[in-house]
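In: following is a predicted model, sequence given first.
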Amino acid sequence: MWRRSLGRERMYRRERSIPLRGSAAALSNNLSVLQLPASDLMHFGVVHGPSAQILSSAPGGMPLAQRQLQVKVGVGVSPPLITQVHWCVLPFRVLLVLTSHRRIQMYESDGSLMVYWHALDSGDASSAQTLFARGIAASVHFICVGTWSGRILVFDIPAKGTNIVLNEELAGHQTPITDIATERAQGQDGVADMVTADDSGVLCVWRSGTVFTLLTRIPGFGVPCPSVQLWQGMVAAGYGNGQVRLYDATTGALHVQISAHARTICALDLAPEVGKLLSAAEDTFVHIWKLSRNPESGSIEVEHCHGECVSDTQLCGARFCDPSGCSFAVTGYDLAEILRFSSV
Amino acid sequence: MSVRTLPLLFLNLGGEMLYVLDQRLRAQNIPGDKARKDEWTEVDRKRVLNDIISTMFNRKFMEELFKPQELYSKKALRTVYDRLAHASIMRLNQASMDKLYDLMTMAFKYQVLLCPRPKDVLLVTFNHLDSIKGFIQDSPTILHQVDETFRQLTEIYGNLSAGEFQMIRQTLLIFFQDLHIRVSTFLKDKVQNSNGRFVLPVSGPVPWGTEVPGVIRIFNDKGEEVKKTGFKHGGNYVAAQKEGAFELYGDRVLKLGTNMYSANRPVETHMSATSKNLASKTQENIAPNPLAKEELNFLARLMGGMEIKKTSGPEPGFRLNLFTTDEEEEHAALSRPEELSYEVINIQATQDQQRNEELARIMGEFEITEQPEITEQSTSKGDDLLAMMDRL
C-alpha cells in the first residue's frame, strides 16, 4: 500500500506501522491514543469487533505489550460487539473506558483491572432498537458516556478506588450519541465545556460543574455527525456527507464550512497546543487544518495544511500522537496495523 | 449493531448466488434435443432458478426474515444458503458450495464497501431484485412474491435515517471483516488487488448529497457567506449527476448489484486468505460454542418458513459443478485452507436437546427422496443437508 502526500512540501513522512492482533472494525473514532507525560511510552486502543486491543509501544513504534479486552455477559453467550475504547484523563487518575452493546466497562489505564461496569437500561426501547453505548469523554472528575437513546450518562469518578457512581443522565438528544468532546473552560478551574453529537447531526454544548447545563443546541441537517472536537470555544464537527463545520460554541453560529471529504468522516482530533485539526474519512484521505480566531472580528478561520491518501483503505480512526500535532496515527477497516506519520 | 440488517444481507447474497448459478448453468447448457439424460438444458436451468427464487421469496420465510433481529454468524447463514441451493433438482458438492459462498460474500462485500452513501445499499438490493425478476419473467406468481418483498423493503427502509443506514453499513462490514478471498473476475477488472483488498477509487462522482471536496466557505455573524477559498483535496471527483430511483421501477443509476457474470467469464476464486494475521481466527473462535443457542433458534424459525418443493415422481437430481472439471472440484475440497473452512454445522453435537430435535424434525420434512435408480455419477456425491450435518 502506498500513500501520496499533497501540498507543495512533504510535511509528514510515514513511520513504522504497529501491527495489531486483529483488524480494526468499521466504526467511527476507532483509535484512542494515550501518551503519559512521565514516560516515553505511547498507548493505543483499537476495536476489532467483539474484542478491543490495547497496546503500548516505544517511541520508535516497537510494540511492547498488548492486551485484549472483551465484555463478558454470560456463559455460552457470545460477547457483544464493542463500539468504542477510549482513555479518560482525570485530575488524579487515568481510566480506560470501553463501551459496547449492553454495557459500559471501566479499567485501570493499562486495561489490567476492571474497576466498574454498568449495564445499560432498556427503558422504553422498542424491539427494533439495539442497546449500546458510544461516545466517551472525561470532564473534570466526571466521565460522560453516550447511549443509543440519546441520553448521556455522567459518572462521578473518585480520585482512587472503585466507588464510581452514576451521577446524572443528560437529556438533549433524541437519536444515538456518536461522539463527545470536552475542554477545560478557559480561566476557570473545575469547570469544563463539553460538546455532544448524535446520529441526526444535532450538537449540544454543555457547561459542566457539579451539575451540567445545556448552553447551546446546534441543529442538524439530516446527516449524522460521527465525530466532534472542542477547542478554545470552537466546535469542530465532521459529518456523514464529508463536511467539516466550525461553530462558535457560545452562540452556536456557523463560521466555517469545509467540503473536506468525499465520504463520511470517521474521526476528528485536535492538537490543542497549536490548534491543529485532523480529519479522516472513509474516502481514504486524512487532512490537517490549522484553526485560529481573527483577533479583531473574533471569527473562526481555517487553513489547510496537509493531506495524505492511504490507498484503498477505508479509514476508521485517527489521532494526533502529541499535543503539538507533530505526529499522528490512523486505523483502517480490515487493516491489522496502526499507520503512523510524523513531521519532517 | 442494527437489527434491520438481515433482510438486506440475505437478499443481496441470494441475488449473487443466483447470478453465479445462472452463469454456471448457462455455461454447462446443452441444447434440449441434443442433451443426454444427465446434462443441463435451458428448461432445467429455468426450473432451478424458479425453484430457488420461489423458495427465497416465500411469504412465511420473508416474514421471519424481516423481524428485527441481530445478524448471526457466517456459519449459521451459510446453512440457510445450503438449504436454498438445494431447493431444486440441483445438487452441489461441498467444494462447489464453498466456492459459491465465497463468490457471494466477496461480491456483496465489494458492493457494500463501494456504496457511495450508506443508503445506496438499498439501491444495490433493488438491482438484485430487478435482475431476479428478469429470471422469472414467465412466472407471474413468483413475480408477485418478489414485488411483495419490494414493497416490504420500501416500507421498512424507505424512511430510515442516514444514521440508521450508516449503522446498517457498519454491521454489514463487521460481518465481512477479514474476508480477503481473491476472485479472478475482480482481479481482472482491477477492482481487487492481488492481496485481496478492494480498490477504493478516489475519482468519479461524489455521493448524492455530498459536495466535491476542495472548498472552504466562511460565514459572518448573520450567517451570510463572506468568503470562499479552495484547497487541494487530492482526489479527482466530480459532482453527482442524478440520484438513483427507489421506486418499484426506475433507473437505479448505481451499477453495484447488477449481474457482472456472463457466459464467457468463468468464475474462479483463489484460496489464499491472508494467513499472516490471526484476525480471521480470532473473530470466530472467541465463542467456543460452535452454534450458540440463539443461532439454533434463528435457524429453526427461518427454515421453518422455507417451503421446499418436494420433487414428485422419480426425477433425477442433477449435480452442478462450479469448477471446470470434477478433478478440480475434488482438488479444491482437499486443499481448502483451514481458516476458510465454513465448518458446516454439526447439529448433533449441540447441548440443547429440545432445539436439536425440533430442528431435526424441520430438516426431516425437507428431505428430498434419493433416487437410487439414477446413475452413480449424478447423485452419489450429492449430499442433502441432513447428511452434511451428520458428518463430523
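Out: Received it, and whenever you're ready, just let me know what you need.
In: quick check, pLDDT for the nearest residue to B:V3 once chain neighbours are set aside.
Out: Sequence neighbours aside, B:P68 is the residue nearest to B:V3 in space, at 4.0 Å (criterion: CB to CB, 6 or more residues apart in numbering or on different chains). Yep, even glycine has a C-beta here, placed from its N, CA and C like the rest. According to the prediction, B:P68 has pLDDT 91.
In: repeat for B:M271
Out: In this prediction, B:M271 carries a pLDDT score of 50.
In: again with B:K276
Out: 35.
In: returning to what we had before: A:F341 versus the residue nearest to B:V3, what's the distance?
Out: 42 Å (CB to CB, to the nearest Å).
In: neighbour count: the two, which is higher?
Out: Shown here are B:P68 and A:F341; by other CB atoms under 10 Å in any protein chain shown, A:F341 has more neighbours (24 against 15).
In: how about the more buried one, nearest residue that isn't a chain neighbour?
Out: Nearest to A:F341 is A:Y12, by CB to CB, 6+ apart, at 4.3 Å.
In: please apply the same query to B:R217.
Out: In this structure, B:R217 finds its nearest non-sequential neighbour in A:Q257, 4.5 Å apart by CB to CB, 6+ apart.
In: return the set of residues that bridge with that neighbour.
Out: Taking DSSP bridges, one finds A:R245, B:R217 as the beta-bridge partners of A:Q257.
In: quick one, what contacts it?
Out: Counting by CB atoms under 8 Å, 6 or more residues apart in numbering or on different chains, A:Q257 touches A:243-246, B:216-217, B:219.
In: which among those residues end up buried?
Out: Neighbour counting over those (16 or more other CB atoms under 10 Å in any protein chain shown) leaves A:243-246, B:216-217, B:219 as the buried ones.
In: now the residues you listed as TSV including distance to A:Q70 and pLDDT?
Out: Below are the buried ones among the contacts of A:Q257 laid out as TSV (distance: CB to CB, whole Å; pLDDT from 0 to 100):
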residue	distance to A:Q70	pLDDT
A:Q243	36	98
A:V244	34	98
A:R245	36	98
A:L246	38	97
B:I216	43	97
B:R217	45	96
B:F219	46	93
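In: tabulate these (CSV), appending distance to B:T154.
Out: Conversion of those to CSV gives the following (distance: CB to CB, whole Å):
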residue, distance to B:T154
A:Q243, 29
A:V244, 34
A:R245, 32
A:L246, 38
B:I216, 39
B:R217, 36
B:F219, 38
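In: name the nearest of the residues you listed relative to A:R319.
Out: Using CB to CB, A:V244 comes nearest to A:R319 of those, at 16.3 Å.
In: check contacts around that closest one.
Out: By CB under 8 Å, 6+ apart, the residues touching A:V244 are A:236-238, A:256-258, A:260-261, A:265, A:268, A:277, A:279, A:289.
In: including secondary structure and pLDDT, could those residues go into JSON lines?
Out: Output for the contacts of A:V244, formatted as JSON lines (DSSP: H, G, I helix; E, B strand; the rest coil; pLDDT from 0 to 100):
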{"residue": "A:A236", "secondary structure": "strand", "pLDDT": "97"}
{"residue": "A:A237", "secondary structure": "strand", "pLDDT": "98"}
{"residue": "A:G238", "secondary structure": "strand", "pLDDT": "98"}
{"residue": "A:V256", "secondary structure": "strand", "pLDDT": "96"}
{"residue": "A:Q257", "secondary structure": "strand", "pLDDT": "97"}
{"residue": "A:I258", "secondary structure": "strand", "pLDDT": "97"}
{"residue": "A:A260", "secondary structure": "coil", "pLDDT": "97"}
{"residue": "A:H261", "secondary structure": "coil", "pLDDT": "97"}
{"residue": "A:I265", "secondary structure": "strand", "pLDDT": "98"}
{"residue": "A:L268", "secondary structure": "strand", "pLDDT": "98"}
{"residue": "A:L277", "secondary structure": "strand", "pLDDT": "97"}
{"residue": "A:S279", "secondary structure": "strand", "pLDDT": "98"}
{"residue": "A:W289", "secondary structure": "strand", "pLDDT": "97"}
